[in-house]
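A.B. asks: Here's my sequence, what's the structure:
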Amino acid sequence: MIYTVTFNPALDYIVRLDSFAAGEINRVKYEQVLGGGKGINVSIVLQNLGHESTALGFLAGFTGREIVRQLAGFGCKSDFVELPEGFSRINVKVKAESETEINGQGPNITPEAQAELFAKLDRLQAGDTLVLAGSIPNTLPDDIYQRIMGRLEGRGINIVVDATKQLLMKVLPYKPFLIKPNNHELGEMFGVILKTKEEIIDHAKKLQEMGARNVLISMAGDGAMLLTEDGTVYQSQAPKGTLVNSVGAGDSMVAGFICGYKETGSLEEAFYMGVATGSASAFSENLATRAEADALLATIR
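C.D. replies: Next comes the predicted model:
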């Protein structure tokens, strides 16, 4: 079974305008409300690709109920911890000449709620896959990723971590099955700007030396790389297409990788499926479907 954890889910209110003027009334020409959060996106794309998962995390209030309703509409299972106060955050994403985001804060997560999530995670079994994705709200301890991975250590669970900077660095001693920084995040971890593929590979290897088993690096229009635990390096150019919406593309890459690995047991096939699925989401208003991912996969293998 596949499980995803989103600590701070949100309803994303997405609007498009011809132009945006601060301090004035602006009229939108397109709007959409989507349940969001990195783990939630992974669960939705997995379902689109034909793989069942269970979305875990914390929800509250009317926005939390809408996130669950939307997940159910995609056919996704969820088992969130429901918080008694507050409401899950609302993130406003304004797309005009440039993209502007206003992200909500989210509800208070009590120690009792944290214990309830741990109890759910304790039910995972050998062979399961767990995706830990996204930022940690300020009402949770900043070592929550390490606590979870330490709790599950040695139980044969493949843990995928999609996080940034120190949050990712701190989990490496627990030997995650897969991590997915982009090339800019990889450089930020070491305080450098990576300009060549050779530099990217060298720094990804450093993450492996620190504990990561497989390192998947997204590079936007420059494609992606995968460094596997046996020392193999796979590279792929980005499929050809028009960028429509970058939100969720990285999450879709993670979902595609998991799908490919579940279906073939091959890290190489998982890599190409990840690249295809991430690109399929980037080329669409919505998250990738199986047909869209398979069509792009045929162009890059």
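A.B. asks: Please count neighbours and contacts with C-alpha atoms only from this point.
C.D. replies: Fine.
A.B. asks: which strands and helices sit next to whichever helix or strand Q32 is part of?
C.D. replies: According to DSSP states H and E, Q32 maps onto strand 30-36. With contacts taken as 3 or more Cα pairs under 8 Å, 6 or more residues apart in numbering; DSSP states H and E, strand 30-36 sits against strand 10-16, helix 61-73.
A.B. asks: after it, next one along is what?
C.D. replies: Following strand 30-36 in sequence order, the next helix or strand is helix 38-48 (DSSP H and E).
A.B. asks: Quick check: mean pLDDT of that following helix?
C.D. replies: For helix 38-48, mean pLDDT rounds to 96.
A.B. asks: Could you do stretch 161-177 as well?
C.D. replies: Averaged across stretch 161-177, pLDDT comes to 91.
A.B. asks: Return the distance of it from the chain's centre.
C.D. replies: Distance of stretch 161-177 from its chain centroid, counting by Cα atoms, centre = their mean, to the nearest Å, is 13 Å.
A.B. asks: Give the buried residues for that stretch.
C.D. replies: For stretch 161-177, a neighbour-count test (16 or more other Cα atoms under 10 Å) marks 161-164, 167-168, 171-177 as buried.
A.B. asks: relative to strand 10-16, how tilted is the strand holding Q32?
C.D. replies: Here strand 30-36 points in a direction 160 degrees away from that of strand 10-16 (axes from the mean of the first three to the mean of the last three Cα atoms, to 10 degrees).
A.B. asks: Check the helices and strands packed on strand 30-36 for me and report the most buried one.
C.D. replies: Comparing the helices and strands packed on strand 30-36 by mean neighbour count (mean count of other Cα atoms under 10 Å), strand 10-16 ranks first with a mean of 21.
A.B. asks: Strand partners (parallel or antiparallel) of that strand?
C.D. replies: Note on strand 10-16: by DSSP bridges, its sheet partners are strand 30-36 (antiparallel), strand 89-95 (parallel).
A.B. asks: quick check: angle from that strand to helix 38-48?
C.D. replies: Interaxial angle, strand 10-16 versus helix 38-48 (the same axes, to 10 degrees): 80 degrees.
A.B. asks: what does strand 10-16 contact?
C.D. replies: Contact with strand 10-16 is made by 28-37, 63-64, 66-67, 88-96, 106, as judged by Cα atoms under 8 Å, 6 or more residues apart in numbering.
A.B. asks: so for it, what's the average pLDDT?
C.D. replies: Averaging pLDDT along strand 10-16 gives 92.
A.B. asks: do stretch 126-140 as well
C.D. replies: Stretch 126-140 shows an average pLDDT of 93 in the prediction.
A.B. asks: which residues of the stretch 101-250 of the chain fall in helices?
C.D. replies: In the stretch 101-250 of the chain, the helices defined using DSSP state H, counting those that start in this stretch lie at 111-121, 144-152, 165-169, 183-190, 197-209, 249-264.
A.B. asks: wait, what's in contact with G250?
C.D. replies: The contact partners of G250, by Cα under 8 Å, 6+ apart, come to S218, G278.
A.B. asks: So it versus G223, what's the distance?
C.D. replies: 12 Å (Cα to Cα, to the nearest Å).
A.B. asks: Next up, the contacts around the closest residue to K205 other than its chain neighbours.
C.D. replies: Spatial nearest neighbour of K205, chain neighbours left out: L227 (7.5 Å); criterion: Cα to Cα, 6 or more residues apart in numbering. Neighbour list for L227: I201, A204, K205, N214, V215, L216, V233, Y234 [criterion: Cα under 8 Å, 6+ apart].
A.B. asks: can you list those in a markdown table and add neighbour count?
C.D. replies: Listed next are the contacts of L227 as a markdown table, based on neighbours: other Cα atoms under 10 Å:
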| residue | neighbour count |
| --- | --- |
| I201 | 19 |
| A204 | 24 |
| K205 | 20 |
| N214 | 25 |
| V215 | 23 |
| L216 | 27 |
| V233 | 14 |
| Y234 | 15 |
